[in-house]
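[1] Sharing a sequence plus its predicted fold:
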Amino acid sequence: MDLSDQDEAGLGGESKDSGPESVVAQGIPMYKTLLLKRRYGMAKVAITCNGAEAGNVFSPFILGSAAAASGDEVVLFFTPGGAPALVKGKLEEMREVKGLPDLLELYDGVQSLGGKVYVCELALEAKGLMEEDFREGVEVVGATTFLNEIKDATITFSF
């Protein structure tokens, strides 16, 4: 389907409120919303992090901050294996890796641009952690919440 052909997509004419957010509110089907997101250059990016070592943690924040800066919706999900990286003080221990951006600046960038940073609730018991152990801005959620949040993701990564 040619994305520039609105009649074929059943979207009608242009208006100043024709972005993907406005059509979702109007009840347009999901597949048409995805077409509009592609047309307008927007995406939902879902990134999972499965390890707490620097090699696992930098990539989600580099890609997440780049996507957020590009106007994409970003959701980072840290599994129990990755959760310890988000404990207060842990990013500071990893922040200065030669040749890589400052990890705290990347984290702050994702947060300030509206990205969501989730930790799997299974990490609490599996790693002996409590919600208050995590840095500001981290939300503890279950897998169902994460999956519902990313069901319309157009780009996914896992590290």
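    Looks like it came in fine. Here the structure is a predicted model, which is why all the values come from computation and not from measurement.
[2] only C-alpha atoms for contact and neighbour calcs from this point on.
    Will do.
[3] And the residue nearest the centre of this structure?
    By Cα atoms, centre = their mean, the mean C-alpha position of the chain lies nearest to residue 75, the distance being 1.8 Å.
[4] Would you confirm that that one contacts residue 116?
    Yes. Counting by Cα atoms under 8 Å, residue 116 is a contact partner of residue 75 at 4.8 Å.
[5] Quick check: nearest residue in space to residue 80, chain neighbours excluded?
    Once flanking residues are discounted, residue 80 sits nearest to residue 123: 4.2 Å by Cα to Cα, 6 or more residues apart in numbering.
[6] In contact with that neighbour, which residues?
    Contacts for residue 123 (Cα atoms under 8 Å, 6 or more residues apart in numbering) come out as 79, 80, 81, 83, 129.
[7] Could you check the pLDDT of it?
    At residue 123, the pLDDT value in this model is 96.
[8] And it, how far from residue 81?
    Per Cα to Cα, to the nearest Å, residue 123 is found 8 Å from residue 81.
[9] now swap in residue 116 and tell me
    Look at residue 116 and residue 81: by Cα to Cα, they are 18 Å apart.
[10] What's opposite residue 134 in the beta bridge?
    Beta bridges link residue 134 to residue 87, judged by DSSP bridges.
[11] these two touch, right, it and residue 91?
    No. Assessed by Cα under 8 Å, residue 134 is found out of contact with residue 91, at 10.8 Å.
[12] mind checking the SS state of the residue nearest to the centre of the chain?
    Following DSSP: H, G, I helix; E, B strand; the rest coil, the label given to residue 75 is strand.
[13] okay, how far is it across stretch 132-142, tip to tip?
    One end of stretch 132-142 to the other measures 16 Å (Cα to Cα).
[14] Just the residues contacting that stretch, thanks.
    Stretch 132-142 is contacted from outside by 86-89, 111, 116-122, 131, using Cα under 8 Å, 6+ apart.
[15] Now the top helix by length along the chain: average pLDDT?
    Using DSSP state H to define each element, the chain has its longest helix at helix 54-69. The predicted model gives helix 54-69 an average pLDDT of 95.
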